[in-house]
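> fold the following.
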Amino acid sequence: MDLVVVESPTKAKTLTAILPKEYKIEASMGHIRDLPKSGLGVDVENKFEPEYVIPQKSKKVITALKKDAEKAKQVILATDPDREGEAIAWHLKELLSKKAKKFGRAVFHELTKDSIEEAFENIGEINMSLVDAQQARRILDRLVGYKLSPLLWKKVRYGLSAGRVQSVAMRLIVEREREREVFKPEEYWSIDVLFKDKDGKREFEASFFGKNGKKIDLKNEKKVKEVTGDFEKDDFSIKEITKRERKKKPYAPFKTSTLQQTMANIFSFSAQRTMRAAQKLFEKGYITYHRTDSLSLSKKFVTQVRKFAKEEIGEKYLPPKPVYYKTKSKSAQEAHEAVRPTQLSKIPNKNLKLGKDEFKLYSIVWQRALECQLKSAVYDETRMAINSDKGYEFKASGSIVKFDGWMAVSKKYKLLKSNGNGNKEIPKYKAKEKVLLQNIKPDQHFTQPPARYSDATLIKELEELGIGRPSTYAPTISTIQSRGYIEKEGRYFKPKDVAYVVNDLLVEHFPEIVDYNFTAIMEEGLDEIAAGNQDWVVLLDEFYKPFEQKLEKKDKELSKHEITNLGKSDEKCPECGRSLVYKLGKYGKFLSCSGYPECKYAKPIAEGPNSEKENYGECPNCEDGVFVLKQGRYGKFLACSNYPKCKTTKPYLEKIGVKCPKCGEGDVVVKKAKGRTFYGCSRYPDCDFSSWKKPKAAKD
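Numbering: from 1, shown residues only. Sure thing, here's the model as predicted:
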């Protein structure tokens, strides 16, 4: 009997159905050894020797695996094909080495019969370069987190954390918010006009461009009226018509980051939710390994796609030669292929026994893998230039799908419609033909501030900066949310007050920790360790010595009173007359006397105009008490004005001034769930309306 160890029961079940009965397959239930939760767990004086411990939840698993290993001819470690999986395999070998006679490493990127049989015919050894890279990352993040976090506890507030990648992600969100805060919108206008022929049978829309070959910027209504007033006594004709053929190529197959971005854009999935669904699909044998920077597809799979497409969609959709995509990322070395289905015959439909999230993710992976091997879509594009006798110029354009190419997949299998597959037809005209002005539609606009980051755009930015790797995007975003640095408003990330304070402290005093280039260089160093070109102890030593010296220096220099000062207010201290300043405390912002510690006056910040004095209804438990708005650890709430004599409280419902679109009786109120803001009905549970998007008032 050979013992095969994988991470999860689902993966073990899939393998059991494929491998012969002489293999016994067990799951380690994830990591079975790690650095201790309390304490540094790293001997910085002895080549950064890690102190690994077995978590309580893993002890029973290890005991059982030791018994099985003792009976087995050999132990085959079949954990995931990346640094993390390699490290788990190494930890298992370290713990089972006294019981097992022989060890082997099986690596496969998909749970299919062919792939697994090939892996078990070519049993290899653990790749210690990958193990060292994982250890280096884990220790590096532990050194930053466990050394820098206590400084934040002392100088800002208890319970905060810092991290080599998480702090950079937080910085991106904070800096984007500051760009938004200083942004000044500028007015501009556009003019769309409706033209028709003299018989009124052919009409089309065009956009105003300018006059006599020069673009006119419409910055105010006065200029718009001046221009449109001129149109009324003008004659118009078609100046020229140009036609061309335009091609739209299919998108590349998915890698981890683009899969996360697409799921966020289409289904509003968080990166973590996407990876949970992908992990299940991989373990069930539906998709290849989902943590990858690679865009390549195996020749065998491409051959299968071409055969499938020829039979199911049509030979005319196949390009003459197979399509192969090049990976731009230098670090794309941990997986052989892009994320793809293991079998194209498993068409996304109701017959697949998958959860809702799994089905959505599988559908787009299957669709993309097929589409990327088909011909480009072809459009017939028409552009018209319209001139007036006074020299005014307008432009109109339209396009018709001439050949749907790769977009045929979504239509045939009733999947998500691909971008850009619609038609916008322009009526047939001839050059110099007269047209009549039917309608003028001026529209006022204002320039918009840069958008806040969403899961999709944040992951894209981190990837472009070279920060993080496929396995780190989801946990990085999850960490800065769970630590209370950011919150979600709909689909977008918004920093909390504490994020500004911590970010500014790190940028000023520990710039290397949140420097984009430095973090990217560290990632490259970890890649070099994985490739066997860099000693992991040397990399850690070069980072840690100057970091430790700076920590000691800043611990003495930094003042909590100054760091948590968020600026002056217009109020004066009622006790000493000095200015009150905004401070960051345990539960958020509050007002404190600038003369602290001589004067210790402090008070909570009113949430909105006269919020502390505003009456939110009479208290039912005392004679003269009324509910007033308060700010607590978990946000706003209503409390009796006679506190502490009366401790009656109730939830605060923040209304947005819109009636519930479902029941029409309740008010739409702001709610929170797992750090995200959403909108619900005040009559819940009688009305279950909820929405991630902010509802708008119904028009009369």
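> which stretches of the stretch 351-500 of the chain have low pLDDT?
418-422 (pLDDT under 70).
> can you map out the strands along it?
377-388, 392-403, 434-446, 486-489, 492-495 (DSSP state E, counting those that start in this stretch).
> just say which of those is most tucked in.
Greatest average neighbour count among those goes to strand 492-495 (a mean of 21), per mean count of other C-beta atoms under 10 Å. C-beta here means a position set from N, CA and C on the backbone, and glycine is covered the same way.
> who does that one touch, helix- and strand-wise?
helix 166-182, strand 486-489 (3 or more C-beta pairs under 8 Å, 6 or more residues apart in numbering; DSSP states H and E).
> so for the first one, mean pLDDT?
Across helix 166-182, pLDDT averages out at 95.
> start at 53 instead
Right, with 53 as the first residue, what we last looked at is helix 218-234.
> show me how far that helix is from its chain's centre.
15 Å (C-alpha atoms, centre = their mean, to the nearest Å).
> can you check stretch 281-298 too?
The chain centre lies 44 Å from the centre of stretch 281-298; the measure is C-alpha atoms, centre = their mean.
> got the buried residues for that stretch?
Buried residues in stretch 281-298, counted by 16 or more other C-beta atoms under 10 Å: Phe283, Phe288, Ile290, Ile293.
> same list, these, but as CSV with distance to Val391 please.
What follows is these, written out as CSV (distance: C-beta to C-beta, whole Å):
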residue, distance to Val391
Phe283, 54
Phe288, 53
Ile290, 49
Ile293, 44
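> ok, of those, which one's closest to Leu610?
Phe283 (65.0 Å; C-beta to C-beta).
> wait, Met459 sits on Lys427?
No. Met459 is beyond contact range of Lys427, at 10.2 Å (criterion: C-beta atoms under 8 Å).
> need the residues touching each of the two.
The overlap between the contact sets of Met459 and Lys427 (C-beta atoms under 8 Å, 6 or more residues apart in numbering) is empty.
> any idea how many residues pack against Leu557?
For Leu557, the count of nearby residues is 21 (other C-beta atoms under 10 Å).
> oh sorry, the question was meant for Pro502
11.
> tell me if I'm right that Ala361 and Pro374 touch.
No. Contact status for Ala361 versus Pro374: not in contact, 11.1 Å apart, counting by C-beta under 8 Å.
> of those two, who's got more company?
Per other C-beta under 10 Å, whichever of Ala361 and Pro374 has more neighbours is Ala361, with 22 against 13.
> quick one: average pLDDT of the helix or strand where the more buried one lies?
Here Ala361 sits within helix 351-364, counting by DSSP states H and E. The average pLDDT within helix 351-364 is 95.
> other SSEs contacting it?
Where contact means 3+ C-beta pairs under 8 Å, 6+ apart, helix 351-364 is packed against helix 408-423.
> again, only this time at 6 Å
Helices and strands touching helix 351-364, as assessed by 3 or more C-beta pairs under 6 Å, 6 or more residues apart in numbering; DSSP states H and E, are absent.
> pLDDT at the closest residue to Arg535 other than its chain neighbours, what is it?
The spatial neighbour of Arg535 that comes closest, neighbours along the chain excluded (C-beta to C-beta, 6 or more residues apart in numbering), is Ser213 at 5.3 Å. Ser213 carries a pLDDT value of 86.
> still on that earlier bit, in CSV, list the helices and strands packed on strand 544-547 along with distance to Phe172.
Formatted as CSV, the helices and strands packed on strand 544-547 follow (distance: least, C-beta to C-beta, whole Å):
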stretch, distance to Phe172
helix 218-234, 39
strand 538-541, 44
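> nearest to Lys352, of these?
In terms of C-beta to C-beta, the element of the helices and strands packed on strand 544-547 nearest to Lys352 is helix 218-234, at 37.8 Å.
> which residue ranges form the strands in the stretch 153-302 of the chain?
155-157, 239-248, 255-263, 266-267, 288-300.
> dump the ones you listed to CSV, plus mean pLDDT and distance to Asn179.
Output for the strands of the stretch 153-302 of the chain, formatted as CSV (pLDDT from 0 to 100; distance: least, C-beta to C-beta, whole Å):
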stretch, mean pLDDT, distance to Asn179
strand 155-157, 96, 8
strand 239-248, 96, 57
strand 255-263, 95, 58
strand 266-267, 95, 59
strand 288-300, 95, 41
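> distance check, Glu594 against Gly637.
38 Å (C-beta to C-beta, to the nearest Å).
> comparing the two, which residue is more hemmed in?
The neighbour comparison of Glu594 against Gly637 (other C-beta under 10 Å) goes to Gly637, with 15 against 11.
> now stretch 560-580: buried residues?
Residues 561-562, 564-568, 570-572, 574-575, 577-580 are the ones in stretch 560-580 that count as buried (16+ other C-beta under 10 Å).
> looking at the residues you listed, which is nearest Leu144?
Of the buried residues of stretch 560-580, the one sitting nearest to Leu144 (C-beta to C-beta) turns out to be Leu578, at 22.3 Å.
> that's a helix at the closest one, yeah?
Yes. With DSSP: H, G, I helix; E, B strand; the rest coil as the criterion, Leu578 is assigned to a helix.
> wait, isn't it in contact with Ala185?
Yes. Using C-beta atoms under 6 Å, Leu578 is in contact with Ala185, at 5.2 Å.
> contacting residues for the residue lying closest to Asp567 once chain neighbours are set aside?
The spatially closest residue to Asp567, leaving aside those adjacent along the chain, is Val220, at 8.0 Å (C-beta to C-beta, 6+ apart). Counting by C-beta atoms under 6 Å, 6 or more residues apart in numbering, Val220 touches Ile519, Val566, Thr571.
> switch to 8 Å and redo it
Counting by C-beta under 8 Å, 6+ apart, Val220 has contacts Leu514, Leu517, Ile519, Ile565, Val566, Asp567, Tyr568, Thr571.
> what values do phi and psi take at Gly647?
Dihedral angles of Gly647 (phi, psi; degrees, to the nearest 10) stand at phi -90, psi 10.
> still on that earlier bit, for Thr340, state which of the contacts of Val220 is nearest.
Taking C-beta to C-beta as the measure, Thr340 lies nearest Leu514 of the contacts of Val220, at 23.0 Å.
> and the closest one, how many neighbours does it have?
25.
> also Arg535?
Neighbours of Arg535 under the rule other C-beta under 10 Å: 21.
> run the chain-centre distance for the longest helix seen in the chain.
Secondary structure of the chain per DSSP state H: the longest helix is helix 180-207. The chain centre lies 23 Å from the centre of helix 180-207; the measure is C-alpha atoms, centre = their mean.
> what's the angle between it and helix 218-234?
Counting by axes from the mean of the first three to the mean of the last three C-alpha atoms, to 10 degrees, helix 180-207 points 50 degrees away from the direction of helix 218-234.
> and helix 180-207, what does it pack onto?
strand 94-95, strand 101-102, helix 135-148, helix 549-561, helix 568-582, helix 588-609, helix 612-615.
> wait, which of those is closest to Asp409?
From those, taking C-beta to C-beta, the stretch that ends up closest is helix 135-148, at 21.9 Å.
> which strands and helices sit next to the closest one?
Using 3+ C-beta pairs under 8 Å, 6+ apart, the elements in contact with helix 135-148 are helix 108-123, strand 127-129, strand 155-157, helix 180-207.
> rerun at 7 Å
Applying 3 or more C-beta pairs under 7 Å, 6 or more residues apart in numbering; DSSP states H and E, we find helix 135-148 packed against helix 108-123, strand 127-129, helix 180-207.
> so which of these is the most surrounded?
Neighbour counts (mean count of other C-beta under 10 Å) averaged over each of those peak at strand 127-129, with a mean of 25.
> after the helix or strand that contains Val680 comes which helix or strand?
Using DSSP H and E, Val680 maps to strand 679-684. Using DSSP H and E, the helix or strand that follows strand 679-684 in sequence is strand 687-692.
> past that next one, which element shows up next along the chain?
Following strand 687-692 in sequence, per DSSP H and E, is strand 701-703.
> so the next helix or strand after that next one versus strand 687-692, what angle?
Scanning forward in sequence from strand 701-703 by DSSP H and E, the next helix or strand is strand 706-711. Interaxial angle of strand 706-711 relative to strand 687-692 (the same axes, to 10 degrees): 90 degrees.
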